[in-house]
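how would this look folded up:
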Amino acid sequence: MHTHIAEAIKKPDLISLRPDVICLRFETMKIYSALGAVRHLLESGAVEPGDTLVDSSSGIYAQALALACHRYGMKCHIVGSTTVDRTLRTQLEILGVTLEQVRPSTNLRLDQELRVRRIAEILEANPSYHWMRQYHDSIHYLGYRDVADTIAREVPDGPLALVGGVGSGASTGAIATYLREAGRDVSLVGVQPFGSVTFGSDQVSDPDMIIAGIGSAIPFRNVRHELYDRIHWVNFDCALSGAVELLRSSGIFAGLSAGAAYLTTRWERTRDASRTYVFVAADTGHRYVESAYARHTEAPDIDTLEPHEITSLDELRHPWSTTSWSDLPVPHGS
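Modelled structure (predicted):
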């Protein structure tokens, strides 16, 4: 029996789609990150029960931090993107979270910069607040050790490929790190949207892409580029195709990042059939119903899609590009 809802909903489901393809399905993945980080801060004495934790979020982390604060008796202040919808706003309000949203912007970089700027103002006015720095503080890796242990325990021995969105760097990066430290042979395949600076696609925009959480318009220090073996850049249409096919073939209703990861997994498996593929579904599909799933009839047939293999970032192009990251002539980790 769980003592708090956060502990109940953090646990992922491992769903076998075929013997060598497994979906790591979360209701909301960042609860692991938030719980692990807040627990560490309390145990180390960096914060005390009743203190206020503050951070920026486009949505998923806001809910995760709110529940972690509720679990450990902390106050929570969120500077949110305009993508924080009415359903989440209502939950946060009832949970006692102070939420403020930056002014609407069609530019992701401006949206993120406005949120970071606002946090600086809040901290100046409230020096006792603790900034969680989900994009930069490595404490957000800690919670994912349990996920790695679950995979190690439930997925049969042998080489793995972990496929999922890069995002802040603390999910796929952490899971792969802990599995590798335990001796598992793990190939890490990261998924990015076009327009993200994280792996150099910021010069190729995708105005339809609404899964900003797997990429970024500003550098994230939690992204350890050297951990990733291959990178796939996927546009909205391809991610939608993957999400629709995932739902149609398996019944798994997940977000667009899961669709992109599923699409990527199908392709990677044709390149290397010696591994068991575990792809990440970081959240459910509910918040994508109107913006994506309602357009399911427009989704390209997934069997007609294949990526453009690049040897330089100058070759990046829609709708889908891929490369072995270590082979690219770019300054890794910068």
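
Quick one: residues in contact with stretch 3-12.
Here stretch 3-12 makes contact (C-beta atoms under 8 Å, 6 or more residues apart in numbering) with 2, 24-29, 31-32, 35, 67-68, 70-71, 147, 150. C-betas here are computed from N, CA, C, even on glycine.

which one of these sits closest to W320?
Closest to W320 out of the contacts of stretch 3-12 is L24 (21.9 Å), distances taken as C-beta to C-beta.

what's around the closest one, how many residues?
Other residues near L24 come to 26 when the count uses other C-beta atoms under 10 Å.

Now do the SS call for it.
Secondary structure, DSSP: H, G, I helix; E, B strand; the rest coil: L24 is strand.

from memory S81 sits against G59, does it?
Yes: using C-beta atoms under 8 Å, S81 is in contact with G59, at 7.0 Å.

Okay, now the unreliable bits of the stretch 201-334 of the chain?
Applying pLDDT under 70 to the stretch 201-334 of the chain flags the ranges 210-213, 330-334.

Recalculate using a threshold of 80.
207-213, 329-334 (pLDDT under 80).

What residues sit buried inside the helix or strand hosting I78?
Here I78 sits within strand 75-80, counting by DSSP states H and E. Neighbour counts over strand 75-80 (16 or more other C-beta atoms under 10 Å) mark C76, H77, I78, V79, G80 as buried.

Only C-alpha atoms, please: export that strand in CSV.
Taking C-alpha atoms only, strand 75-80 is exported to CSV below (Å, rounded to 0.1, in the frame of the first residue of the first chain):
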residue,chain,number,x,y,z
LYS,A,75,5.6,25.0,-0.7
CYS,A,76,5.8,25.3,-4.4
HIS,A,77,6.0,28.2,-6.9
ILE,A,78,5.9,27.5,-10.6
VAL,A,79,6.7,29.9,-13.4
GLY,A,80,4.8,28.3,-16.2
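
And the contacts of it?
Residues contacting strand 75-80 (C-beta under 8 Å, 6+ apart): 50-59, 62, 65-66, 69-70, 84, 92, 95-102, 115, 118-119, 122, 129.

Can you list phi and psi of the residue of the chain positioned farthest from its centre for me?
The C-alpha centroid of the chain is most remote from A125, which lies 30.7 Å away (C-alpha atoms, centre = their mean). When read as degrees, to the nearest 10, the backbone of A125 gives phi -80, psi -20.

related to what we said a few turns ago, narrow the contacts of stretch 3-12 to just the buried residues.
With neighbours counted by 16+ other C-beta under 10 Å, the contacts of stretch 3-12 contain buried members at 24-26, 28-29, 31-32, 35, 67-68, 70-71, 147, 150.

If I follow the layout properly, R287 ends up in contact with R86?
No: R287 is not in contact with R86 according to C-beta under 8 Å; the separation is 10.7 Å.
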